[in-house]
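Colleague: sequence unknown, structure follows:
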């Protein structure tokens, strides 16, 4: 049932640019909107998602269950920075630094997440095939690129 | 200098299939062979690599420096399992469970790593544009897919 719902959504939305697909992904996070989230993903059995410190989920059913678990805690206050991209024909690989804020018993906490988002272009426009996220640090990308430039 | 070495290697090797590219990547790990490693990567400024628990490295110079740091500890005893893939035109996204073994003061230790490897096809055949790795668990992929099947 989750699968047919996901597919209905995928067919209903045309994401005509990669930026539109990425914006929809983070908008779904910010609004804990599971249908909007699933509409971003490609209709492929092997789509995969890794949440920070989490297991890998493969396929729309597992990915939906994973995001439902995240959204059970409410909307995710996430903003993105430092988007870098590798573009190919019908392919876009984005490297994103996510800044996630959450209210805890100790007040507002901020975490940084390194995410790799891969999109492919198909009949319904641009769709996500991979979201791989892992714990990051505040100035993640700049530091490594600049450090390497100094070293060589 | 590291950049020109990396480019010379990229031009010297034709990786005619995705499997050949992935085999070369893990063979380079197993032999701590930095030139073979860098020959697998695409000639693109925005190629990116995240080691488990590490920062993101963007570009050939930073990625080389990162693998040199890994290889300074010697060859990496890594085997791969559970490869799943999303194939597009000139694109291949692989989900891999890596089993890494290392001898420590407490004897042989085994760690599992979730890696997402993205390859694109260009003039020199298949090249890696992304390697994103994060700490995993032994039965990572099966568990999530099967759990989701049971839930729905």
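Modeller: Structure's in. What do you need? On a predicted model such as this, the values are computed, not experimentally measured, just so you know.

Colleague: contacts, neighbours, all on C-alpha from now
Modeller: Fine.

Colleague: what's the helix or strand for the spatially closest residue to residue A:42 that is not a sequence neighbour?
Modeller: Distance criterion C-alpha to C-alpha, 6 or more residues apart in numbering or on different chains; nearest residue to residue A:42, sequence neighbours excluded, is residue A:127 at 4.8 Å. Assigned by DSSP states H and E, residue A:127 belongs to strand A:125-135.

Colleague: Let me see the contact set for the residue nearest to residue A:42.
Modeller: Residues in contact with residue A:127 (C-alpha atoms under 8 Å, 6 or more residues apart in numbering or on different chains) are A:15, A:18, A:21, A:40-42, A:119-121.

Colleague: can you tell me which of the residues you listed are in helices?
Modeller: Mapping the contacts of residue A:127 onto helices (DSSP state H) picks out A:18, A:21, A:40.

Colleague: if we look at chain B, which of those residues are close to it?
Modeller: Among the ones in helices among the contacts of residue A:127, no residue lies close to chain B (C-alpha under 8 Å from any C-alpha of the partner chain).

Colleague: Name the nearest of these relative to residue B:30.
Modeller: Taking C-alpha to C-alpha as the measure, residue B:30 lies nearest residue A:18 of the ones in helices among the contacts of residue A:127, at 36.3 Å.

Colleague: Which residues are in contact with the residue nearest in space to the middle of chain A?
Modeller: Chain A has residue A:131 as the residue nearest its centroid, 4.8 Å off, counting by C-alpha atoms, centre = their mean. Shown in contact with residue A:131 (C-alpha under 8 Å, 6+ apart): A:48-51, A:115-118.

Colleague: cool, and residue A:74?
Modeller: Residue A:74 touches residue A:32, counting by C-alpha under 8 Å, 6+ apart.

Colleague: hmm, back to that, now do the strand holding residue A:127, average pLDDT.
Modeller: Regarding strand A:125-135, the rounded mean pLDDT is 95.

Colleague: Kindly report the same for stretch A:50-60.
Modeller: 89.

Colleague: And stretch A:97-113, by the same measure?
Modeller: Stretch A:97-113 shows a mean pLDDT of 86 in the predicted model.

Colleague: check contacts around residue A:110.
Modeller: Residue A:110 makes contact with A:99-102 under the criterion C-alpha under 8 Å, 6+ apart.

Colleague: All the helices of chain A, in order from the start?
Modeller: Under DSSP H, chain A gives helices at A:2-12, A:18-31, A:34-40, A:60-71, A:140-151.

Colleague: Now the shortest one: buried residues?
Modeller: Along helix A:34-40, these residues count as buried under the neighbour rule (16 or more other C-alpha atoms under 10 Å in any protein chain shown): A:34-40.

Colleague: With respect to residue A:95, which of the ones in helices among the contacts of residue A:127 is nearest?
Modeller: Of all these, residue A:95 sits closest to residue A:18, with 13.0 Å by C-alpha to C-alpha.

Colleague: That closest one reaches residue A:128, doesn't it?
Modeller: No. Residue A:18 is not in contact with residue A:128 according to C-alpha atoms under 8 Å; the separation is 9.0 Å.

Colleague: shared neighbours of the two, anything?
Modeller: The contact sets of residue A:18 and residue A:128 overlap at residue A:119 (C-alpha under 8 Å, 6+ apart).

Colleague: partner residues bridging the residue nearest to the centre of chain A?
Modeller: For residue A:131, the beta-bridge partners are residue A:49, residue A:117 (DSSP bridges).

Colleague: From residue B:48, how far off is it?
Modeller: As for residue A:131, its distance to residue B:48 is 14 Å (criterion: C-alpha to C-alpha, to the nearest Å).

Colleague: still on that earlier bit, how near is the residue nearest to the centre of chain A to residue A:30?
Modeller: Distance of residue A:131 to residue A:30, computed by C-alpha to C-alpha: 16 Å.

Colleague: Next: residue A:61.
Modeller: For residue A:61 relative to residue A:30 (C-alpha to C-alpha), the value is 21 Å.

Colleague: okay, these two: which has more neighbours?
Modeller: When neighbours are counted by other C-alpha atoms under 10 Å in any protein chain shown, residue A:61 comes out ahead of the other of residue A:61 and residue A:30, with 23 against 16.
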